[in-house]
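Chemist: Just need the structure, nothing else, for what follows:
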Amino acid sequence: MNQRRVFNELLKRPQALVLPGAYDALSAKIMEKVGFEAIFTTGYGITASLLAKPDWGLLTFSEMLDRARQITSAVDIPVFGDADTGYGNPLNVIRTVREFEKAGLVGIFIEDQEWPKRCGHMEGKKVISKEEMVQKIKAAVDVRVDPDFKIMARLDDRAIYGLEEAIEKGKACVEAGADMIFIEAPQTVEELKEIPKHFDVPLMANMIEKGKTPYLTVKELESMGYKIVTYPLTALYASTKAIFKVMKELKEKGNAAGVLDQLIAFNQFNELVGLKEMQELQNKYAINR
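Modeler: Got it, this is the predicted structure:
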């Protein structure tokens, strides 16, 4: 199945597409199992899971690419990718697009922050000029092989120069060929409503629990004109809190008997990760002695 065509069809529907953020292959598999139609790779979550560090430009291109490959290999639904800044100038962007496209993703977003970049809801961001960002988008669009591979421009100007500047840079990116726009961290409902008035391409809204942007429902954002709604940290925060709770019980009580209802059962987990299929493959290729 061509996942990029599937993703295109999902975008054609009137309702918004919800993309939870996967930080590893297992979280991606769970998202697929519960019925999400597409997911995306969260740089914040991948940094946390790989390094136990903040999203502060610490991950390398190869680390992000490896995790994206692992995630796309684990699921049979479209995977959209976080490609940070493209990891340098337009020449670096060219390699980034080539490699992420070959990894099987349906698209990536490239942001306009200076390196080291950071989570869009953290303080102290710096951004490149509109002219520099336009050149990155042009390079990304020029080099992709599959025209269905989506290039999204992420703009972080709101926190530094205001919403109007972010919108103007977004328009320039659309003129340069960007398929989608993601204006990060609007801070009021009014700002969220304003952004769709200026674009005819699909827009993404980023919902971070207790972040800078008002935490609205998918239906509310859909009614404003957003086509994609992401929840990048929900799974990460849920799993982190659950591990704290269970490990505290184990430390204090000597086992986890008091929180067994918080744990997936042995057989259920084996089913999730495909033990039966692995056993069938082993039997298929076994040598009779």
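Chemist: Show me what counts as buried in the longest helix anywhere in the chain.
Modeler: Secondary structure of the chain per DSSP state H: the longest helix is helix 234-253. Buried residues in helix 234-253, counted by 16 or more other C-beta atoms under 10 Å: Thr234, Ala235, Leu236, Tyr237, Ser239, Val246, Glu249. To be clear about C-beta, it is placed using only N, CA and C from the backbone, and glycine gets the same treatment.
Chemist: Just the pLDDT at the fourth one, thanks.
Modeler: pLDDT, Tyr237: 98.
Chemist: Against which helices or strands is the strand or helix carrying Glu271 packed?
Modeler: Assigned by DSSP states H and E, Glu271 falls within helix 266-272. Applying 3 or more C-beta pairs under 8 Å, 6 or more residues apart in numbering; DSSP states H and E, we find helix 266-272 packed against helix 25-33.
Chemist: The helix it packs on to helix 234-253, inter-axis angle?
Modeler: Angle, helix 25-33 to helix 234-253, by axes from the mean of the first three to the mean of the last three C-alpha atoms, to 10 degrees: 120 degrees.
Chemist: Pull out the buried positions in helix 25-33.
Modeler: So, applying 16+ other C-beta under 10 Å, buried residues of helix 25-33: Ala25, Leu26, Ser27, Ala28, Lys29, Ile30, Met31, Glu32.
Chemist: These into JSON lines, with extra columns for distance to Glu194 and pLDDT?
Modeler: Output for the buried residues of helix 25-33, formatted as JSON lines (distance: C-beta to C-beta, whole Å; pLDDT from 0 to 100):
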{"residue": "Ala25", "distance to Glu194": "38", "pLDDT": "98"}
{"residue": "Leu26", "distance to Glu194": "38", "pLDDT": "98"}
{"residue": "Ser27", "distance to Glu194": "33", "pLDDT": "98"}
{"residue": "Ala28", "distance to Glu194": "33", "pLDDT": "98"}
{"residue": "Lys29", "distance to Glu194": "38", "pLDDT": "98"}
{"residue": "Ile30", "distance to Glu194": "35", "pLDDT": "98"}
{"residue": "Met31", "distance to Glu194": "31", "pLDDT": "98"}
{"residue": "Glu32", "distance to Glu194": "34", "pLDDT": "98"}
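Chemist: wait, what's in contact with Lys136?
Modeler: Lys136 makes contact with Thr85, Gly86, Asn89, Pro90, Val93, Ile110, Asp112 under the criterion C-beta atoms under 8 Å, 6 or more residues apart in numbering.
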